[in-house]
Each structure stands twice: as C-alpha cells, then as structure tokens.
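*Asks:* Sequence first, predicted coordinates after that:
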Amino acid sequence: MRPAIPHVRITAPAKAILRDWGMKVELKEHVPTIVWTGDSNGENWDWSVGTYVRSQVPGSMLITLDGIEFAIQESFRSKLEGKTLDYQNGFFFVR
C-alpha cells in the first residue's frame, strides 16, 4: 500500500521560486523538500524548505504536491495535510 499524499496548496509565488530552482545549474540534480525542524535545542519547531540531492533520495520519498515534485519524509506528510506553501519577502511559509 502506498502512503497517502497530502493535499498541499502551493501559491503562485512559491511555485515560481521552486521552478526557478529547477532551472539553476547548481540545483539541477536537486529536488525540493519540506521538513519539520526545531532549533539546536529541539525547540521552536517550524517548517523549512530546502533541497535534497536527487540521487540520495529513496524513491518512496518522492511525491507530487500541487504539480511540483518534492522529497518528503512519510512521517511529515500527515502534518502537511491541508496546508499552504507560500513565499513572501524572500522566505517560504507553511500555513
């Protein structure tokens, strides 16, 4: 049985940045990710957006959210259900 893929909306500004990443030579072999992370003390948890090198990502992590391919750990997927990924003033936000 395949894990459930969350319903995540990605705003137009966030899609534009993610697509731009895919066009950059230095990120050509990368896939974006959304992770739930805390600071060095394991506090102040929040979402973060980054990339993984595609060759280092297990196929089970690859999913498509709102038309964009991501590498997302299964344990984070239920937390993303119904969220929106946005990009404003140089930062990604998950709400």
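*Replies:* The structure has been received and is ready for your questions. Residues are numbered from 1 along each chain as shown.
*Asks:* give me every residue that touches residue 15.
*Replies:* Contact analysis of residue 15 by Cβ atoms under 8 Å, 6 or more residues apart in numbering lists 66, 67, 68. C-beta coordinates here come from the backbone N, C-alpha and C atoms, glycine included.
*Asks:* can you pull the contacts of the closest residue to residue 44 other than its chain neighbours?
*Replies:* Spatially, and ignoring its direct neighbours in sequence, residue 44 is nearest to residue 38 (5.9 Å; Cβ to Cβ, 6 or more residues apart in numbering). Residue 38 sits next to 44, 45, 46 when contact means Cβ under 8 Å, 6+ apart.
*Asks:* And for the first one, the neighbour number?
*Replies:* Right, residue 44. Using other Cβ atoms under 10 Å, residue 44 has 9 other residues around it.
*Asks:* Local confidence estimate at residue 4?
*Replies:* For residue 4, the pLDDT comes out at 64.
*Asks:* So what's the gap between the helix of greatest length in the chain and the chain middle?
*Replies:* Taking DSSP state H as the criterion, the chain has its longest helix at helix 12-23. On the basis of Cα atoms, centre = their mean, to the nearest Å, helix 12-23 sits 12 Å off its chain's mean C-alpha point.
*Asks:* next one: stretch 10-17
*Replies:* On Cα atoms, centre = their mean, the centre of stretch 10-17 falls 12 Å from the chain's centre.
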